[in-house]
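Q: What follows is a protein structure lacking sequence information:
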């Protein structure tokens, strides 16, 4: 009889265990705290402590794998695999969740919704993502996906008093459940053709059937549709602007970077894993979706007056770039995806962070006019926002440039010159709407109102996102080393 | 210090930015002084470069090399040859003068303004000093942001429109150029197995003809928008007219040169077959001629003083591109020198417009007339600038245009004939401008009491005038400096 | 493999036909005498007091959800009980973790006041 829970198993899932443990702890911790908003900050502290422990356990995995020359560490009879890909994405999720926790408490106090389950859900979502990144079994992956998605449904609707938040949550929920169903259907087809839920076994079955098989097409179509929903790639993007607009801003920051990255890692595990043999089946589909995302995201963002909606459309376009990395399909493309998503974590969270700052008293801080004259009101916030917008636009000296650079390089290396040119043109066009914000911040009339006051956590988050965004733009070598992980032998 | 001279040149403006940020905000005079100090320092550090540069030596001098992004083969690699030397000198001078000329013109958000000017200067230096294609591109894009703000925050009424137009045009060109760079880089890797952006190494790539043409056109769009060549020029008049004087000076003197520099430094040596292709040359020559004649004709029609000077840039830059694609020694050397000449004379013209605008707050030519009575000093400098720009013998413009025409004549007589018409038209619109604004009786009362040039303003013109005279009277040192790099380019282009 | 599905293929038409046939036969043999009370909604045999689509308090849902959670819990406990011997201490630990998670949820729901009927 096989051992049920070996030391390796424990070592592999320890980060997830810690996340779950701290998630449960933070749920109950609220009840031992004294009454009052200020004391609830301890919840954020406990969450961050959990992230710290998780970081340490990830670091131990990292150094272990690095000392062994990057083998793939399998646990639970192949259901969980810790490899470079899993680690690179787990670092991403950790950064995103940590930043979200840092910027949340002031926002929640302003909204009067400060409670333990918020942080608990934050951690549970990350728990789900862990299994998306490291699961190599269809059941594990689906469970991870649902754990993440359910947490996000609640988080998006967390502002119970706001109609927009409720509407956003409902839309996100209905469409999200539909996409989960599609993914599950795809999984069932994969299980049907292979008789196993292990990705390694599925790979053999797929390779045996070849790309022309109708069942493979069915699996690719349903999995693709479901995952493109989660990524918010056009034409499956309809939920994103509403969910971004209505959800609490820190949650949206977390959702836009982490949930996207988590869906991407599942896509990579499937499409570059068992379905790599059926490349012809998904290549064309991915190209179309990527181009549609670029077009829809860029064009729709041009006319948005709500900054959160604008960032939602921009995030759709960014999803398109990342998909282009998948289209390239070579090692460089995979690196490009990691580089892109990792920089995106910091630059996009940074941009939302400035919006969190603007959420003061009655001012919602989402309209483009709320940014007006920010340069005079708070020069530091304006300059940081400029940096994040430049990075989102892909201009040096920010890390966003390196990210776009990698995607283009991957496309050139794989001979997709035309796609690269289209991507480049959309990148230039995208600058228009980012610069619309820049124009408002630096040129607009100054708004009256209290000066922005940043909480300690927001300050730390601002400085760290800015340092990473600028630092990785000027000296990207560490980032590129991290991005090499998924392609290590 | 010797081994790190180029880094010093690159970093001095950045040190100036830091210095400015540390200066307390309240004291306006101190900020201005600090900015000027940084500007002058930026110029002074280029002097040892000029003194120690060895004309006639092949290849790059003062080279520096540090690994920057090893996994991509990107290096922080700097070096100068004759062509970049002149542009570095021009950038240092223009940068210092742009700061000096803003003393009275800019009163809002001084610190940011000067910091952006210095940042811009560092970026431009990087463009001309880089011998690594990635570093070049990095700096090329870096230049964009400060200029956006300089136009967008301190510009005229339609500043935001002009600024975003400038950014979008340039970025569109440069992202396509980036794809060209990446294609070249990838070809190099496939042939040698080494990832490198070193332009000397990239020259060893042998490209399939089709690919080479694609890459050439990708580069072309990037550079042509920057020059700007017809029909990509429409951002230029808007940007120039809306920019504050310092911005116009930097735009005219240095930013446009980045495009022609790109052709000389990258298009010709890296893609010699495509550059020498008959069709390609013909297309570019025709576009250049259109730019020369169209720019001149449009200048004739302008009612706005600054817009006139802006369109004259289109025309003059047409000479530069035409000279480059004459693909002979005189043409390329003439273009390299004409870049500097255009920088000098157009800077003077923009500075003059700026001065008169500060005094009278209008740029409409019809508002002026007989200014020479009130402002004799101004009239003298203006005459000098007009002669320099129109290519009067003994001044710099003549040397540049003449050499270019010599080269173009050797390449194709028809082109030369059209180009000469451009010279004539150039003299026409400039002299007519002079006549309308300076000569004759004073037509408006407001123009009677206009103050003449102040000593500080004289100070901005003197170095430019001296340099213009030097080139006009004794251009030999400049041609000596240009000789070796131009020969090297011609060897590449003539290889086939 | 297909023979394993044979019962399903037999069962499927039967399952479809049975309700169709019974309804059809019932329609043939029954007398048809509609009266208002026969057409009305059935509420324990008394007259309907109001529209059956009326709104009722959201707390019913909360109770229902809590019921489902703990109902499913028992579903998971059954297989464990069946294989108790074979699973040994590992099974005990596993179920303890499972119950601990549910208890955390229970405590949380209790403290949040989910069981209070206001």
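A: Perfect, thanks for sending it. The model shown is predicted, which means the values in this text are computed figures rather than measured ones.
Q: And for residue A:221, nearest residue in space, chain neighbours not counted?
A: Nearest non-adjacent residue to residue A:221, counting by CB to CB, 6 or more residues apart in numbering or on different chains: residue A:285, 7.4 Å away. For glycine as for every other residue, the C-beta is placed from the backbone atoms N, C-alpha and C.
Q: for residue B:10, same thing?
A: Leaving aside its sequence neighbours, residue B:10 sits nearest to residue B:125 (CB to CB, 6+ apart; 5.1 Å).
Q: Secondary structure element holding that neighbour?
A: In the assignment (DSSP states H and E), residue B:125 maps to helix B:110-129.
Q: by contact count, what packs against that helix?
A: Packed against helix B:110-129 by the contact rule (3 or more CB pairs under 8 Å, 6 or more residues apart in numbering or on different chains; DSSP states H and E) you find helix B:5-22, helix B:28-44, strand B:74-80, helix B:82-101, helix B:133-142, helix B:144-154, helix B:245-250, helix B:256-262.
Q: Ok, which of those comes nearest residue B:307?
A: Of all the helices and strands packed on helix B:110-129, it is helix B:245-250 that lies closest to residue B:307, at 11.1 Å by CB to CB.
Q: and the closest one, what other elements does it pack with?
A: Applying 3+ CB pairs under 8 Å, 6+ apart, one finds that helix B:245-250 contacts helix B:82-101, helix B:110-129, helix B:144-154, helix B:329-360.
Q: Make JSON lines out of these and add mean pLDDT.
A: Listed next are the helices and strands packed on helix B:245-250 as JSON lines, based on pLDDT from 0 to 100:
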{"stretch": "helix B:82-101", "mean pLDDT": "90"}
{"stretch": "helix B:110-129", "mean pLDDT": "90"}
{"stretch": "helix B:144-154", "mean pLDDT": "88"}
{"stretch": "helix B:329-360", "mean pLDDT": "90"}
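Q: What's the separation between residue A:63 and residue A:19?
A: According to CB to CB, to the nearest Å, residue A:63 and residue A:19 sit 20 Å apart.
Q: Over to residue B:62?
A: 55 Å.
Q: Determine how far stretch C:18-30 lies from the middle of the whole chain.
A: Centroid separation for stretch C:18-30 versus its chain: 28 Å, with CA atoms, centre = their mean, to the nearest Å.
Q: Flag every residue of the stretch 51-200 of chain B that's near chain A.
A: Contacts of the stretch 51-200 of chain B with chain A, taken as CB under 8 Å from any CB of the partner chain, map to B:68-72, B:137-138, B:141-142, B:144-145, B:148-149, B:152-153, B:159-160, B:163-164, B:167-168, B:171-172, B:175-176, B:178-179, B:182-183, B:185-186.
Q: Residue A:236: what secondary structure?
A: Following DSSP: H, G, I helix; E, B strand; the rest coil, we place residue A:236 in the coil state.
Q: what's around it, how many residues?
A: Neighbours of residue A:236 under the rule other CB atoms under 10 Å in any protein chain shown: 24.
Q: Assess the claim that it and residue A:183 are in contact.
A: No: applying CB atoms under 8 Å, one finds residue A:236 not in contact with residue A:183, separated by 12.0 Å.
Q: thinking again about what came up before, what's the angle between the helix holding residue B:125 and helix B:82-101?
A: 170 degrees (axes from the mean of the first three to the mean of the last three CA atoms, to 10 degrees).
Q: Show me what counts as buried in the least confident helix or strand in chain B by mean pLDDT.
A: Scoring the helices and strands of chain B by mean pLDDT, DSSP states H and E places helix B:371-374 at the bottom, with a mean of 82. Of the residues in helix B:371-374, B:371, B:372, B:373, B:374 count as buried by neighbour count, 16 or more other CB atoms under 10 Å in any protein chain shown.
Q: ok, and which of the residues you listed reach chain A?
A: Applying CB under 8 Å from any CB, the subset of the buried residues of helix B:371-374 adjacent to chain A is empty.
Q: and the closest residue in space to residue C:108 that isn't next to it in sequence, how far is that from residue B:435?
A: For residue C:108, ignoring the flanking residues on the chain, the nearest one in space by CB to CB, 6+ apart is residue A:27 at 4.9 Å. According to CB to CB, residue A:27 and residue B:435 sit 85 Å apart.
Q: These two - which one has more neighbours?
A: residue A:27 (25 against 11).
Q: before we move on, which element is the residue in chain C positioned nearest to chain B in?
A: For chain C and chain B, the shortest gap (CB to the nearest CB) falls at residue C:97, measuring 43.3 Å. Applying DSSP H and E as the criterion places residue C:97 in helix C:84-111.
Q: Could I get the pLDDT score of residue A:426?
A: Note for residue A:426: predicted pLDDT of 92.
Q: Am I right that it is in a helix?
A: Yes: membership of residue A:426 in a helix is supported by three-state DSSP.
Q: Please list all residues in contact with the residue nearest to residue B:95 when sequence neighbours are not counted.
A: Excluding the flanking residues, the one nearest residue B:95 by CB to CB, 6+ apart is residue B:121, at 3.9 Å. The contact partners of residue B:121, by CB atoms under 8 Å, 6 or more residues apart in numbering or on different chains, come to B:13, B:39, B:42, B:91, B:92, B:95, B:250.
Q: rewinding a little: neighbour count for residue A:63 and residue A:19, which is higher?
A: Neighbour count, other CB under 10 Å: between residue A:63 and residue A:19, residue A:19 has more, with 28 against 10.
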